[in-house]
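K.L.:
pasting a predicted model and its sequence here:
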Amino acid sequence: MVVYSGKSVFGGIAIGHISLYKKDQQQVKRNKIEDAEAEIARYHAAKEEAISQLQALYEKAVKEVGEASAEIFEAHQMMLDDEDYIDSVENIINTQMVNAEFAVAQTGDNFAEMFANMDDEYFRGRAADIKDVSERLITVLSGGGAAEIASDEAVIIVADDLAPSETVQLDKDKILSFVTVHGSANSHTAILAKTMSIPAMIGTDIPLDDEIDGKLAIVDGFEGKVYVDPDEDVLEDKTKLLNEENEKKALLEQLKGKENITLDGQKINIYANIGNTKDLALVLKNDAGGIGLFRSEFIYLGSEDYPTEEEQFSIYKTVAETMAGKKVIIRTLDIGADKQADYFKLPAEENPALGLRAIRICLTRPEVFRAQLRAILRASAYGKISIMFPMIISVDEVIEIKKIVEGIKAELDGEGFAYDKNIELGIMIETPASVIIAEDLAKEVDFFSIGTNDLTQYTLAIDRQNQSLDRFYDPHHPAILKMLKMVVDAAHKYGKWAGICGELGADLTLTKEFLAMGFDELSVSPGRVLPIRKIVLETDVKEYKGQK
């Protein structure tokens, strides 16, 4: 038995044989050509074929992992149609009189290096996307095909790394787990693996040689280890653990329809976070009590121009109607930092996480903000909608927002539109500033929802996208937990409710602590609803407080 270690990006146990995933090693040769025009035409034909493939992948991914996770394939299509990329390929063909494969490879290398050298973490991450689309183009030009799983049984995929397109193309029924030597916990592939609930590990010190191909292995995503040729006792222990996990899943199904109430009578709402209407099926399947965070920015990120009031209204109305009276909290536009839409033409910033983003964009572009607010208010006539504003740092911002909302209500009254006249207005607590003035803010709003991802980032002065700082990034830091308690206390002092919609809300090791703090709501990924409900139903909060 040999044991390899790595970083888990999704927990779970997988037992099966290893399938070594190898990409076709494309040796791109530099060949002289006679007819540049014909070669450019061949390149454009391959580009259209690659775009067609990516569209098919997008449609497949939407069905399997939801629209938000599938958007990478739309982004790849846009990369292939990028004028600078096209100009570079055509220029290399024309000036050097070389084959399209070489021109694409050269362009891909140049652009990937350019992105890799950028200061911004988000753009550095796009270097891998450039390589992925260039590889696809070269494969089409050379008449190659995608790698496949050469097995009839479900296997553990071991690879150097997996591009998002490769992950989606693989037959999910044949995959038990992903194990890669490289990759990032924030990569598109890791996100897809989490969404598909496939145990996955990255940064694993496993050798990529034929000797491990086909061998029996165990992936323990809980402890971040891979056991190759496991001993009988290890196999027995892990098989038992796997069976226990499957039994837990079956038992969780029995919790559907139960109220989220502790043994000593404390109630809490467990809602779901979503990015689009495609996620509604998962919300209903997992029996969430409502939607605690509808990330409306994905409507903008998935559009080539500003979405109109009518386009947004249709989406919000669909969500409200589908949830049939359950609460739907729509977060207003939250782009900037690592989420960019080209048509906004946002200025380049040295530190975008501290720059023009979220509510700051809305208040400086009132026409965009007003269109969204009108759409949300109109949709509120069809269900129980609340509005939540991100990145608030002052009472003045809240007062300005409330004036805008009241003005729009007056407009809708004049135009004869129905809407919820008592619609809840809440804010996200994401900065130390908003924590410190939480009592002042509580006087102005109906609720708080804590975005723990950004709150942790800004409190610890750590870029959460920077992998090299992972060892210092501690969402359980005592300062963070004290801030959470400060916020919920401030809300309750003024009769308002408080929840968590950041990643920390889904941390099962803190569920009891959140109950003890007095949180009224946790909003998490749909798959976390039932595991959290189980803890709630088994907890005596008074007893837990007494043990601390």
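P.N.:
Looks like it arrived, so ask away. Numbering: from 1, shown residues only.

K.L.:
what's the burial count for the closest residue to Ala163 other than its chain neighbours?
P.N.:
Excluding its sequence neighbours, the residue lying closest to Ala163 (Cβ to Cβ, 6 or more residues apart in numbering) is Asp132, at 4.3 Å. For glycine as for every other residue, the C-beta is placed from the backbone atoms N, C-alpha and C. Using other Cβ atoms under 10 Å, Asp132 has 21 neighbouring residues.

K.L.:
residue ranges with poor pLDDT in the stretch 351-500 of the chain?
P.N.:
Within the stretch 351-500 of the chain, the segments meeting pLDDT under 70 span 464-465, 467.

K.L.:
which residues of it fall in strands?
P.N.:
For the stretch 351-500 of the chain, the strands defined by DSSP state E, counting those that start in this stretch occupy 384-389, 424-429, 447-450, 497-500.

K.L.:
mind checking which of the ones you listed is nearest Gly265?
P.N.:
Nearest to Gly265, of all the strands of the stretch 351-500 of the chain, is strand 497-500, at 17.4 Å by Cβ to Cβ.

K.L.:
Ile270 is nearest to which of the strands of the stretch 351-500 of the chain?
P.N.:
Closest among the strands of the stretch 351-500 of the chain, using Cβ to Cβ: strand 497-500, at 9.8 Å.

K.L.:
how about the closest one as PDB, C-alpha atoms only?
P.N.:
Coordinates of the C-alpha atoms in strand 497-500 are reproduced here as PDB (Å, rounded to 0.1, in the frame of the first residue of the first chain):
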ATOM      1  CA  TRP A 497     -33.400  39.500  12.200                       C
ATOM      2  CA  ALA A 498     -29.800  38.500  11.200                       C
ATOM      3  CA  GLY A 499     -28.500  35.700   9.000                       C
ATOM      4  CA  ILE A 500     -25.400  34.400   7.300                       C
END
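
K.L.:
make 3 the first number, not 1, from now on.
P.N.:
New numbering, starting at 3: the last item is strand 499-502.

K.L.:
buried ones in the following helix or strand past it?
P.N.:
Per DSSP states H and E, the first helix or strand lying C-terminal to strand 499-502 is helix 513-519. For helix 513-519, a neighbour-count test (16 or more other Cβ atoms under 10 Å) marks Thr513, Lys514, Glu515, Phe516, Leu517, Ala518, Met519 as buried.

K.L.:
in terms of secondary structure, what does helix 513-519 contact?
P.N.:
Helix 513-519 sits against helix 480-495, helix 531-540, helix 543-549, with contacts defined as 3 or more Cβ pairs under 8 Å, 6 or more residues apart in numbering; DSSP states H and E.

K.L.:
mind running it again at 10 Å?
P.N.:
Packing contacts for helix 513-519, counted by 3 or more Cβ pairs under 10 Å, 6 or more residues apart in numbering; DSSP states H and E, involve helix 480-495, strand 499-502, strand 523-526, helix 531-540, helix 543-549.

K.L.:
please look at Ile272 and Leu517 and confirm they touch.
P.N.:
No: using Cβ atoms under 10 Å, Ile272 is not in contact with Leu517, being 11.4 Å away.

K.L.:
mutual contacts of the two, please.
P.N.:
Residues within reach of Ile272 and of Leu517 at once, by Cβ atoms under 10 Å, 6 or more residues apart in numbering, are Leu524, Val538.

K.L.:
any idea which of the buried residues of helix 513-519 is closest to Ala373?
P.N.:
Using Cβ to Cβ, these come closest to Ala373 at Phe516, 35.7 Å.

K.L.:
is that closest one in contact with Leu524, as I believe?
P.N.:
Yes: assessed by Cβ under 10 Å, Phe516 is found in contact with Leu524 at 6.4 Å.
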